[in-house]
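J.: Show me the folded form of this:
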Amino acid sequence: MMNPIFRRRMILSLAALLPLLAIPNVEAAEKLRLLMIDGQNNHDWQMMSPAMKTSLEGTGRFTVDVATTPGKNASKDAWTRFQPDFTKYDVVLSNYNGELWPKSVQDSLVAYVAGGGGLVVVHAANNAFEAWPEWNDMIGLGWRNNTFGERLTTDDAGKVVRTAKGEGPSSGHGPQHEYKLTIRDADHPVTKGMPMTWQHSKDELYHGQRGPAKNMHILATAYSSKDQGGTGTNEPILWVIPYGKGRVFTTVLGHVNGGETVAIRCIGFQTVVARGSEWAATGKVTLPIPKYFPTDAVSVSTK
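T.: Have a look, this model is predicted:
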């Protein structure tokens, strides 16, 4: 196990470096209030949350509060005290993958998003809450068995291909590697101005995601090569879903575990999370594409 002092130094060092090249600072008339939720995850949320908070606040567009849930197998009393007030925020970002939240918190989030709030789902957060129907409607696709629901991919022209429940692979990923994203909607506020293809740093490439996928709009895909343990098709990486009056943005980029942080140091990842959060909050994006954004051939990361 990593020495706790060394681990804390790593977290602080990473957080300090993340905004270095990520996104030009924007002096907004009024900052957007973002609530990040963490506390359980099969990934290293203790390292990931401070880094994302620093990167988001470094844009000048957000203030970020963090609500940390009780740990695994915590008491009922501990969970009773976990009652975040979503209505105080413009957007909620989930960095959580663990035990189901209390029903009151579930209902509060559903009412918040349906009433016009924004929700952002990052990487393993889409693995969570298989038994929560409204969550599945909000995220569209999640890390599920192939019997759970439909699968969405695209052909090379970007046309959506639906695979029926029970057919094709369940959710998974091959070994981590660099891969290229292909923008499927260049006019959406989140992706507008990005190169039509750009190289992402070493990361997990999710495939076979399953769910209701209602009203789901794919913004970007990545080719899941069979040589890399994948499916031989274009898997969704960024997508959006309207939910009531609200907006939900999902990115499955962002693996952090075992001290490996290159995926969230990718300037493409940081840009996607910031622009996706602004869009989920407002329906618009004012944050510019950074000068040092990845190219078709080269990934770009903070050091």
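J.: Helices along the stretch 1-150 of the chain, start to end?
T.: In the stretch 1-150 of the chain, the segments counted as helices under DSSP state H, counting those that start in this stretch are 4-17, 45-58, 76-80, 103-114, 133-139.
J.: Packed most tightly, which of those helices would that be?
T.: The highest mean neighbour count among the helices of the stretch 1-150 of the chain, using mean count of other C-beta atoms under 10 Å, belongs to helix 45-58: a mean of 23. For glycine as for every other residue, the C-beta is placed from the backbone atoms N, C-alpha and C.
J.: Centre of the chain to it, how far?
T.: Distance, stretch centre to chain centre, for helix 45-58: 13 Å (C-alpha atoms, centre = their mean, to the nearest Å).
J.: Which residue ranges of the stretch 101-250 of the chain form strands?
T.: In the stretch 101-250 of the chain, the segments counted as strands under DSSP state E, counting those that start in this stretch are 118-122, 151-154, 160-163, 177-183, 197-203, 217-224, 233-243, 246-251.
J.: With mean pLDDT, mean neighbour count and distance to residue 75 added, can I get those strands in a markdown table?
T.: A markdown table is the format used below for the strands of the stretch 101-250 of the chain (pLDDT from 0 to 100; neighbours: other C-beta atoms under 10 Å; distance: least, C-beta to C-beta, whole Å):
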| stretch | mean pLDDT | mean neighbour count | distance to residue 75 |
| --- | --- | --- | --- |
| strand 118-122 | 98 | 27 | 28 |
| strand 151-154 | 98 | 22 | 38 |
| strand 160-163 | 98 | 13 | 42 |
| strand 177-183 | 98 | 19 | 42 |
| strand 197-203 | 98 | 21 | 36 |
| strand 217-224 | 98 | 22 | 41 |
| strand 233-243 | 98 | 23 | 32 |
| strand 246-251 | 98 | 24 | 31 |
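J.: Settle this for me: residue 134 is touching residue 111, isn't it.
T.: No: at 9.9 Å, residue 134 does not count as touching residue 111 under the criterion of C-beta atoms under 8 Å.
J.: which stretches of this structure have low pLDDT?
T.: The chain contains residues with pLDDT under 70 at 1-29.
J.: Of the strands of the stretch 101-250 of the chain, which is nearest residue 42?
T.: Taking C-beta to C-beta, strand 118-122 is the member of the strands of the stretch 101-250 of the chain nearest to residue 42, at 13.4 Å.
J.: Can you list the strands that the closest one pairs with?
T.: strand 91-94 (parallel), strand 246-251 (parallel) (DSSP bridges).
J.: Out of those strands, the one nearest residue 168 is which?
T.: strand 246-251 (20.0 Å).
J.: residue closest to the middle of this structure?
T.: For the chain, the residue nearest the mean C-alpha position is residue 122 (1.9 Å; C-alpha atoms, centre = their mean).
J.: distance of that residue from residue 272?
T.: 9 Å (C-beta to C-beta, to the nearest Å).
J.: Find residues that contact each of the two.
T.: Applying C-beta atoms under 8 Å, 6 or more residues apart in numbering, one finds that residue 122 and residue 272 are jointly contacted by 251, 253.
J.: what distance separates the start and the end of stretch 228-247?
T.: Using C-alpha to C-alpha, to the nearest Å, one end of stretch 228-247 lies 33 Å from the other.
J.: looking at the helices of the stretch 1-150 of the chain, which is closest to residue 261?
T.: Closest approach to residue 261 among those is made by helix 4-17 (5.7 Å; C-beta to C-beta).
J.: quick one on the thing from earlier: please convert the strands of the stretch 101-250 of the chain to CSV, extending it with distance to residue 257.
T.: What follows is the strands of the stretch 101-250 of the chain, written out as CSV (distance: least, C-beta to C-beta, whole Å):
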stretch, distance to residue 257
strand 118-122, 14
strand 151-154, 25
strand 160-163, 29
strand 177-183, 15
strand 197-203, 11
strand 217-224, 20
strand 233-243, 19
strand 246-251, 17
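J.: Go through the strands paired with strand 118-122 and name the closest to residue 59.
T.: Smallest distance to residue 59 across the strands paired with strand 118-122 (C-beta to C-beta): 13.2 Å, for strand 91-94.
J.: could you dump the closest one to PDB, C-alpha only?
T.: Extracted in PDB, the C-alpha atoms of strand 91-94 (Å, rounded to 0.1, in the frame of the first residue of the first chain):
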ATOM      1  CA  VAL A  91     -24.600  21.300 -12.100                       C
ATOM      2  CA  VAL A  92     -23.800  18.100 -10.300                       C
ATOM      3  CA  LEU A  93     -20.800  16.000 -11.300                       C
ATOM      4  CA  SER A  94     -20.600  12.300 -10.200                       C
END
